[in-house]
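**Student:** fold the following and give me the result.
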Amino acid sequence: MTEITLLDGSVGQELVKRSGDRATPLWSTQVMMDHPGIVQQVHADYFAAGATVATTNTYAALADRLERVGLVGDIPRLLDVAIDAATSARDANGRGRIAGALGPIGASYRPDIVVTDEQATAMYGPLLTRLEQHVDLWIIETMSSLNHAQTALAAAKAVSAKPVWLAVSVDDDDGTKLRSGEPVQIILDLIATLPIRRRPAAILINCSRPEVVVAGLEVLKSAALPFGAYANGFTRISEGFLQEAPTVDALEQRRDLTPEVYADIAMGWVAQGATIVGGCCEVGPDHIRELARRLDAEGHIRV
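**Tutor:** So this is what the prediction gives:
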């Protein structure tokens, strides 16, 4: 019997699907502007499915994304919409935690983009400051290189007193490598050099093909930290999505990743020792419901 944190699944992709609107480079931030009520419903559906954490829709609510369309001034309002949606769903559920999401600067899956400490501080600072009193923890998501992970972690720990979880994205074919080609071990080497107060509270793999996660977790399990994973349901990250200002219609959803198949894979992570599991892009409420059922059936306690 193990205590398992069950994260929610896809927030951004779920919002885009439910909106029915054409995909834009602003992704789920556009949906939050046009259909703010959908955000709370997505969180509510994940809580109803058995998730114990709601991840805020702030992954892409960064100045570098919004300045392209002249909407930097809207960031405070968008952050308020995101946190209000998550907390309202949590309150209606009667329990659960709120995780503030911090996505990569520039674009997802782009390790070629090099981020400075100054850029990380400028981009993440407003989000960290505005949401700090409302979240229970932070999740730095989809970090594709050592540079991305290092700068984001430093920015978050410089501002926040809350626990910070660090999630990295790995190669579509080799889970022991980041998307940059660097070994996952390099993240553990970084953590080992940091003062304890600057270290993440957990280390995860996210937004990667579920089948390759097992190899990455074999690396992470050697760290003296809680670890886990939440994978995506894309066939793979396409070249078309790695262009400037891409839209999600450049990515293809898998048709074989049923809730039962995903739960089989995720329960394998739990067998490896993972204590934090959930889903990322294209993993929806039905997947989380089946995973919750399987965790309960095996006697685990969702916390």
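
**Student:** quick check: residue 48 vs residue 192, distance?
**Tutor:** From residue 48 across to residue 192, the span is 40 Å (Cβ to Cβ, to the nearest Å). (Each C-beta comes from the backbone N, C-alpha and C, glycine too.)

**Student:** now swap in residue 141 and tell me
**Tutor:** Counting by Cβ to Cβ, the gap from residue 141 to residue 192 is 22 Å.

**Student:** who's more crowded, the two?
**Tutor:** Per other Cβ atoms under 10 Å, whichever of residue 141 and residue 192 has more neighbours is residue 141, with 24 against 10.

**Student:** helix, strand or coil: sort out the more buried one for me.
**Tutor:** In three-state terms, and counting by DSSP: H, G, I helix; E, B strand; the rest coil, residue 141 is strand.

**Student:** which one is it nearest to, not counting chain neighbours?
**Tutor:** residue 167 (4.9 Å; Cβ to Cβ, 6 or more residues apart in numbering).

**Student:** and if you look at residue 260?
**Tutor:** Using Cβ to Cβ, 6+ apart and skipping residues adjacent in sequence, the residue nearest residue 260 is residue 290, 6.1 Å away.

**Student:** one more: residue 225?
**Tutor:** Counting by Cβ to Cβ, 6+ apart, the nearest residue to residue 225 once its immediate chain neighbours are dropped is residue 203, at 5.2 Å.

**Student:** pLDDT score for the one you found?
**Tutor:** Note for residue 203: predicted pLDDT of 98.

**Student:** next one: phi and psi at residue 176?
**Tutor:** For residue 176, the backbone dihedrals (degrees, to the nearest 10) come out as phi -90, psi 0.

**Student:** check the one 4 residues further on too.
**Tutor:** Residue 180 has phi and psi values of phi -70, psi -10 when expressed as degrees, to the nearest 10.

**Student:** surely it is in contact with residue 145?
**Tutor:** Yes - here residue 180 lies in contact with residue 145, judged by Cβ atoms under 8 Å, at a distance of 3.7 Å.

**Student:** these two: which is more packed in?
**Tutor:** Neighbour count, other Cβ under 10 Å: between residue 180 and residue 145, residue 145 has more, with 24 against 21.
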